[in-house]
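>>> need a 3D model of the following:
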Amino acid sequence: MEYIFLILILLFSVVVHEVAHGSVAYYLGDPTAKYAGRLTLNPIKHLDPIGSVIVPLFLAIMANLTGGGIIFGWAKPVPINPYNFRDQKYGSLKVAFAGPGANLTLALIFGLALRFFPGIAAVPGLDLMFGYIVFINILLAVFNLLPIPPLDGSHILFTFLPPEMENIKISLSRFGIFILLFIIFFFFHWLLLIINWIFTLIVGASFF
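Got it, this is the predicted structure:
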């Protein structure tokens, strides 16, 4: 039951992430996400059959059987047309940061509530729910800010790359998914240390 609860929090967090992308793009002059019906918190509009249902459920089942594990997932990317942006120089950067920024905002809201309103702990399970929301949203923000395609951090990096470094952009775009898998399998524990440090900074106590 706990893992289903985690999947629901994850789904809510990735939906907020994608809506933030689309909303900032719309503010910058691109109505693509709006016309696609994606500027809504209705999760059905954002569900990816593989990333939002099959993968999280499979990982939840495996975690339940093995006694632990990582549960992750993703939603359908919000359609964006950067050629519509009024700000052609930094528009892609703003849209890319909007998703992780929304997750960090959620982490701050629930984390500071957990820190400064001790009465939350008096409600059975509420402090645990808030803690999971904070942790998952920090995880999504940190992970998506990695400067590796197709993550949001790559768009931020590419905004500042000078034209003479175009070969780096091409190489990262070509091999990004393999670099990402390598990081997930061999360096994810370092990311967890960073995530736990940010969690402690916000909440005042360690998640682990």
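>>> when you work out contacts or count neighbours from here on, use the C-alpha atoms and nothing else.
Will do.
>>> what's the weakest-modelled helix or strand in the chain?
Using mean pLDDT, DSSP states H and E, helix 55-66 stands out as the lowest-scoring helix or strand of the chain, at a mean of 74.
>>> in the chain, what spans have low per-residue confidence?
Within the chain, the segments meeting pLDDT under 70 span 1-3, 63-64, 67-71.
>>> contacting residues around the residue nearest the centre of it?
For the chain, the residue nearest the mean C-alpha position is Leu140 (3.0 Å; CA atoms, centre = their mean). By CA atoms under 8 Å, 6 or more residues apart in numbering, Leu140 lies in contact with Val14, Pro100, Asn103.
>>> going by distance to Phe110, which of those residues wins?
Asn103 (10.8 Å; CA to CA).
>>> any idea how far Arg86 is from the nearest residue to the closest one once chain neighbours are set aside?
Using CA to CA, 6 or more residues apart in numbering and skipping the chain neighbours, the partner closest in space to Asn103 is Asn137 (4.8 Å). To Arg86, Asn137 is 29 Å away according to CA to CA, to the nearest Å.
>>> could you check which of these two has the larger neighbour count?
Asn137 (29 against 14; other CA atoms under 10 Å).
>>> so that one is in contact with Leu104, correct?
Yes. Here Asn137 reaches Leu104: they are 6.3 Å apart, a contact under CA atoms under 8 Å.
>>> one step back: would you format the contacts of Leu140 as TSV with neighbour count, distance to Ile54 and secondary structure included?
As requested, the contacts of Leu140 are arranged in TSV below (neighbours: other CA atoms under 10 Å; distance: CA to CA, whole Å; DSSP: H, G, I helix; E, B strand; the rest coil):
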residue	neighbour count	distance to Ile54	secondary structure
Val14	27	15	helix
Pro100	28	24	helix
Asn103	25	23	helix
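>>> looking at these, spot the one nearest Phe207.
Looking across the contacts of Leu140 and measuring by CA to CA, the closest to Phe207 is Asn103, at 17.1 Å.
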